[in-house]
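> Next input, structure requested:
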Amino acid sequence: MRHNKIMKVFAAILVVALSLMAAGDYSNRRAPGFSLADSHYQQHDTQDYRGKVLIVDIMATQCAICGTLVDTLVKVKAKYGDKVGIISIVTQPDTHDTADRFSSAHKMTWPIVFDSGQVIMSYLKVTPSNPQVHFPHVFIIDYDGYIRNDFEAAQAQFETFDGLCAEIDKAAKAR
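Predicted coordinates:
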């Protein structure tokens, strides 16, 4: 009897530890809020997505991996429809023209918004001691505005359709 109780406690600790290790480096915190304009000067605010799982995709239009990820996000959007919101964020050297061409080429149905760097810096916790930004970097944000997971290009398992859907489903259940 005592042995079973010890095993149950050990199993519970193991599950908690594994779930913490599975989260990305910038997860388990409130997502920084923002309102940024797209190439048509329409504002897109994270508050508009409350009650949905939100995917924030920090990308660059000249990045090949970003294009592959966006193609996967197109499939994700088709599966989840309005239950999932997506916002892609770019910064210089991207322009309105490069963003519009990229969006058309990849059949995106969500906005690409422009950041001067402040939003990207707050999501990626960029500091003088941590100055690197790797594209793409994706954040999965739950209904209540908390980052449930994040991943960068090197974590290819999350770039797959099934990997992203699993993360979205986890964020949806986190409520």
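
> Identify the residues contacting residue 76.
Taking Cβ atoms under 8 Å, 6 or more residues apart in numbering, we find residue 76 in contact with 55, 84, 86, 161, 164, 165, 168. Yep, even glycine has a C-beta here, placed from its N, CA and C like the rest.

> Who does residue 58 form a beta bridge with?
Residues in a beta bridge with residue 58, per DSSP bridges, are residue 89, residue 137.

> Which pLDDT value belongs to it?
Model confidence at residue 58, given as pLDDT, is 96.

> now swap in the one 3 residues further on and tell me
Predicted confidence (pLDDT) at residue 61: the value is 97.

> Identify the residues contacting stretch 60-72?
Contact with stretch 60-72 is made by 57, 59, 88, 90-91, 93-94, 98-99, 101-102, 105-106, 108, 112, 135-136, 138, 153, 159-161, 164, as judged by Cβ under 8 Å, 6+ apart.

> all strands of this protein, in order?
Taking DSSP state E, the strands of the chain run over residues 29-30, 35-37, 43-45, 53-58, 84-90, 112-114, 137-141, 146-152.

> Would you format the ones you listed as CSV with distance to residue 121 and mean neighbour count included?
Converted to CSV, the strands of the chain look like this (distance: least, Cβ to Cβ, whole Å; neighbours: other Cβ atoms under 10 Å):
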stretch, distance to residue 121, mean neighbour count
strand 29-30, 15, 10
strand 35-37, 13, 15
strand 43-45, 18, 15
strand 53-58, 10, 23
strand 84-90, 11, 24
strand 112-114, 14, 22
strand 137-141, 12, 25
strand 146-152, 15, 22
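
> between the ones you listed, which one is nearest to residue 78?
If you check each of the strands of the chain against residue 78 by Cβ to Cβ, strand 84-90 wins as the nearest, at 10.3 Å.

> average model confidence for that closest one?
98.

> With stretch 97-107 instead?
Mean per-residue pLDDT for stretch 97-107: 97.

> quick one: it to chain centroid distance?
In terms of Cα atoms, centre = their mean, to the nearest Å, the centre of stretch 97-107 is set 20 Å apart from its chain centre.

> Just the buried residues of that stretch, please?
Going by neighbour count (16 or more other Cβ atoms under 10 Å), the buried part of stretch 97-107 is 98, 99, 100, 102, 103, 106.

> Tell me who's in contact with the closest residue in space to residue 55 that isn't next to it in sequence.
Leaving aside its sequence neighbours, residue 55 sits nearest to residue 86 (Cβ to Cβ, 6 or more residues apart in numbering; 4.6 Å). With contacts defined as Cβ under 8 Å, 6+ apart, residue 86 is in contact with 54, 55, 57, 73, 76, 77, 110.
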